[in-house]
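[1] Take a look and give me a structure for this.
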Amino acid sequence: MSTFAVVNCSELVTLAGPARPRVGHEMRELGVIRDGVMIVTDGRIQYAGSRREIDSKMEILDAGNKLVMPGFVDAHTHPVFAGNRADEFEKRASGATYQEISAAGGGIRSTVRKTRAATEDELAAAACRHTQWFLRGGTTTIEAKSGYGLTLADELKMLRVIHRMGPIRTVATFLGAHEIPDEYRGQREEYIKLVINEMLPEARKLADFCDIFVEPHVFPADDARRILLAAKALGFKLRMHVDQLGNSGGAQLAAELGAVTADHLEHTDAAGIEAMREKGVQPVLLPGSVYALGLKRYPDARAMMEAGLAVVLATDFNPGSSPTPSMPMILSLASTQMKMTPAEAITAATINAAYSLQRGGEIGSLEAGKLADFVIYDCTDHRELGYFFGIQSAQAIYIGGNHVK
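    Residues are numbered from 1 along each chain as shown. From the prediction side, this is the model:
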């Protein structure tokens, strides 16, 4: 057995609590232990609590009077792609809108063309680079979507790359219904048949979740319902991009279909929030995309929390609308733009995110029996993570008790 003790923690943020997502006042209860100790045996946490006598034969990891926390769980990312869209960043800075760029052949379809042209090994090399970016911000688990292939072969290529993205933990999501590809413009029905009849059965072998971009000009509600019901029949669990560019009833559709999460929600109203509450749908909020696109309407996080929803925060890392893998930056946006307290934001980015991936029993908090995924930060107070924005303060990252960065 391999055992070591983490000692000299200014704060050991455990997020210990009930074995379910946190809601209401629970989101402010981080389980902070000052000068705490954590003991890890064979990659799992044996003890996390107040300082106690340590076996003199035990290996010691001195945290240097720094903050120790669970690794971030980023529950919405698009990390496998070729090239970038820096040209579109420049165009938006000059006044073009995301919708105008997309209508001219840019946006998602631009990345699709580049990703299709890349080999699997080339995509894996790019994804490896992105993995290092996630780790620098203290992220140890990501939900990773396909969606830049939009052919059966290219979607499967992306899903295989997701499974090659160690040492970070990955949860794969199939997003074949991300956009209508160029060769199917004006033939939405034919592409939907391709997704349902060919892509879904094969993707199920490589992905736990199915996602879809629900917007009137991409996949309207009726089409989304057909695709998601087919996915559900194959055993996929559902995630959904909804209400990002307008309120099209996406939150209600997520509730109707029993989705695990509804993501974006910038335009969701009180009726949508109530529908999610009734069906236990977790909202995944993505303030990085609002910021990067220069929009003004952030999701109403406070209304969702007051309604009793187990809010999640994620980066939406992608090459177009949210090119950041930094969870500390997302914490800053959550507090400054959506008025979430630092504690609420941390809960949303760790334990609540873990439950949204149906991994809450294994990751997201530092409790006995869970995997030892933790980060030592170059600060002494958990509030500093969102307060000092634009820096990556992760000093050491451990996944399953192994020092990975």
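
[2] For the longest helix belonging to the chain, list every residue counted as buried.
    In the chain, taking DSSP state H as the definition, the longest helix is helix 120-136. In terms of neighbour count (16 or more other C-beta atoms under 10 Å), helix 120-136 has its buried residues at Leu123, Ala124, Ala126, Ala127, His130, Thr131, Phe134, Leu135, Arg136. Heads up, the C-betas are built off the backbone N, CA and C, glycines and all.

[3] list the helices and strands it packs on?
    Helix 120-136 is packed against helix 152-162, strand 394-399, with contacts defined by 3 or more C-beta pairs under 8 Å, 6 or more residues apart in numbering; DSSP states H and E.

[4] angle of the shortest one against helix 120-136?
    Which is strand 394-399. Inter-element angle recorded for strand 394-399 and helix 120-136: 120 degrees (by axes from the mean of the first three to the mean of the last three C-alpha atoms, to 10 degrees).

[5] Now do strand 394-399: distance to the chain's middle.
    A distance of 18 Å separates the centroid of the chain from that of strand 394-399, by C-alpha atoms, centre = their mean, to the nearest Å.

[6] Check which element follows that strand along the chain.
    strand 402-403 (DSSP states H and E).

[7] Show me what that next one is in contact with.
    For strand 402-403, the external contacting residues (C-beta atoms under 8 Å, 6 or more residues apart in numbering) are Gly43, Pro167, Ala396, Ile397.

[8] Bridged to the last one, which residues?
    With DSSP bridges as the criterion, Ile397 is bridged to Val375.

[9] Pull up the gap between it and Leu150, please.
    Distance, Ile397 to Leu150, using C-beta to C-beta, to the nearest Å: 34 Å.

[10] would you list the helices and strands packed on helix 120-136 in JSON lines and tack on mean pLDDT and mean neighbour count?
    Shown next, in JSON lines, are the helices and strands packed on helix 120-136 (pLDDT from 0 to 100; neighbours: other C-beta atoms under 10 Å):
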{"stretch": "helix 152-162", "mean pLDDT": "98", "mean neighbour count": "22"}
{"stretch": "strand 394-399", "mean pLDDT": "98", "mean neighbour count": "21"}
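
[11] would you turn those into a markdown table with distance to Ala82?
    Putting the helices and strands packed on helix 120-136 into a markdown table (distance: least, C-beta to C-beta, whole Å) gives the following:
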| stretch | distance to Ala82 |
| --- | --- |
| helix 152-162 | 10 |
| strand 394-399 | 26 |
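
[12] just the helices in the stretch 201-350 of the chain please.
    221-233, 250-257, 270-279, 287-292, 301-306, 327-337, 342-348 (DSSP state H, counting those that start in this stretch).

[13] hang on, the earlier thing: pLDDT for the buried residues of helix 120-136 - can I get that in CSV?
    Formatted as CSV, the buried residues of helix 120-136 follow (pLDDT from 0 to 100):
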residue, pLDDT
Leu123, 98
Ala124, 98
Ala126, 98
Ala127, 98
His130, 98
Thr131, 98
Phe134, 98
Leu135, 98
Arg136, 97
